[in-house]
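S.K.: I would like to see how this sequence folds:
(one chain, ligands or ions: 1)
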Amino acid sequence: MNVEVNDELCIGCGQCVDTCPEVFGMVGEVAMAMNPERAGDCDVAEAAELCPVNAITID
Ligand code: SF4
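M.R.: This next block holds a predicted model:
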């Protein structure tokens with residue numbers, strides 16, 4: 001599974017990190033998918049749904 005954060009859209013709210021800390025982390029003001037290979041360990045789909053600016057894509 002490929003998980004990406006569009007850092008031009010991300011507003012740094014931290015919601016995805018709260019929902020799925022195994023995958024997402026903050027780098028400065030924006031989130032990154034640090035460990036996409038761990039997408040099975042948390043609810044990445046929910047993290048993407050909850051993102052207020054739809055910055056998370058999952059393939
Ligand atoms: S939920 Fe969306 S806007 Fe918020 S930190 Fe994560 S990617 Fe950025």
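S.K.: For the chain, which residues are neighbours of the ligand?
M.R.: Residues of the chain lying near the ligand by Cβ under 6 Å from any ligand atom: 5, 10-16, 31, 51-53, 55-56. For the C-beta atoms, the positions are set from N, CA and C on the backbone; glycine is no exception.
S.K.: Let's have those residues in TSV, adding neighbour count and secondary structure.
M.R.: Listed next are the residues of the chain next to the ligand as TSV, based on neighbours: other Cβ atoms under 10 Å; DSSP: H, G, I helix; E, B strand; the rest coil:
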residue	neighbour count	secondary structure
V5	23	strand
C10	20	coil
I11	13	coil
G12	14	coil
C13	14	coil
G14	12	coil
Q15	17	helix
C16	27	helix
A31	26	strand
C51	22	coil
P52	10	coil
V53	11	coil
A55	20	coil
I56	25	strand
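S.K.: Could you report the pLDDT at the residue sitting furthest away from the middle of the chain?
M.R.: Residue farthest from the centre of the chain, counting by Cα atoms, centre = their mean, is G28 at 14.2 Å. The per-residue pLDDT reported for G28 equals 97.
S.K.: Ok, the one 10 residues further on next?
M.R.: Each residue has a pLDDT score; the one for R38 is 96.
S.K.: now swap in M1 and tell me
M.R.: Value for M1, per-residue pLDDT: 85.
S.K.: residue contacts, the closest residue to it other than its chain neighbours?
M.R.: Nearest residue to M1 in three dimensions, chain neighbours excluded: A39, at 4.5 Å (Cβ to Cβ, 6 or more residues apart in numbering). Shown in contact with A39 (Cβ atoms under 8 Å, 6 or more residues apart in numbering): M1, V3, V23, I58.
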